[in-house]
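[1] everything below, folded, please.
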Amino acid sequence: MDMDTGLEHKFARFGDEIQVKDGTEIEGYASLFGACDQGNDVVAKGAYSASLRRLEAGERTVKMLWQHDPAQPIGIWDEVREDGKGLWVKGRLLADVEKGREAAALIAARAIDGLSIGYRTVKSTRNDKGQRLLTELELWEVSLVTFPMLPSARVAAKADDADAAALRDMAAAFRGACAKLALR
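    Numbers count the residues shown, from 1 in each chain. Reported below is the predicted structural model:
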């Protein structure tokens with residue numbers, strides 16, 4: 001949980017589920033239903049529905065942030081919706097914003113490959129596996145991040161090289177260490 005905002009975060013990697021077009025347009029799944037992340041949480045189908053209805057009513061918008069930093073908006077989410085698979089987002093990195101240009105360059109170089117949602121848990125239970133089942137979430141933001149926790153969605157690779165493989169291995173080790181620390 002982020003102590004500054006009180007928001008929790010769920011991470012997803014870009015991949016076949018996320019498309020980056022023209023260096024600035026992003027679309028795909030920020031969260032997948034039924035997938036257990038490294039924090040032992042599972043998002044239930046429909047968990048975002050009440051929050052998305054409030055968003056549609058114009059109360060506020062879901063922000064696109066850099067690394068969950070509210071002082072660093074980097075783009076606009078034009079569409080945020082739930083379907084049978086998960087939370088689908090479509091948006092644009094803002095080339096007029098320095099961090100937006102940097103994010104586009106980092107995505108192109110495959111230096112970052114993750115999305116993460118910032119949310120507040122409204123309702124949750126424990127399932128029979130001891131996992132926290134998130135049944136209602138208040139969605140606040142979807143960030144581009146370096147170290148995602150949900151490995152089931154990732155950026156499509158343009159090329160595979162030794163440096164990229166080493167970075168992925170290092171990121172996996174970091175995620176594993178974070179998961180072990182979270183269990184303490």
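[2] could I get the buried residue list for stretch 103-122?
    103-104, 106-107, 110, 112-119, 121 (16 or more other CB atoms under 10 Å). The way it works is simple: take the backbone N, C-alpha and C, and place the C-beta from them, glycine included.
[3] for residue 9, pull up the helix or strand it's in.
    Assigned by DSSP states H and E, residue 9 falls within strand 8-13.
[4] residue 54 now?
    Assessed by DSSP H and E, residue 54 sits inside helix 49-56.
[5] what mean pLDDT does the helix or strand following that helix have?
    Using DSSP H and E, the next helix or strand after helix 49-56 towards the C-terminus is strand 63-66. Per-residue pLDDT over strand 63-66 has a mean of 96.
[6] residues making contact with strand 63-66?
    70, 72-77, 91, 93, 99, 103, 118, 140-144 (CB atoms under 8 Å, 6 or more residues apart in numbering).
[7] those in helices, which ones?
    Among the contacts of strand 63-66, DSSP state H puts 99, 103 in helices.
[8] filter the contacts of strand 63-66 to the buried ones?
    Buried subset of the contacts of strand 63-66 (neighbour count, 16+ other CB under 10 Å): 70, 72-75, 77, 91, 93, 99, 103, 118, 140-144.
[9] show only the entries of these found in strands.
    Of those, the ones assigned to strands by DSSP state E are 70, 72-75, 77, 91, 93, 118, 140-144.
[10] farthest pair in those residues?
    93 and 140 (18.9 Å; CB to CB).
[11] for the residue nearest to the spatial centre of the chain, name its beta-bridge partners.
    By CA atoms, centre = their mean, the mean C-alpha position of the chain lies nearest to residue 116, the distance being 2.1 Å. Under DSSP bridges, the beta-bridge partners of residue 116 are residue 11, residue 143.
[12] my read is that it contacts residue 140, right?
    No. The pair residue 116 / residue 140 is not scored as a contact, 11.4 Å apart, by CB atoms under 8 Å.
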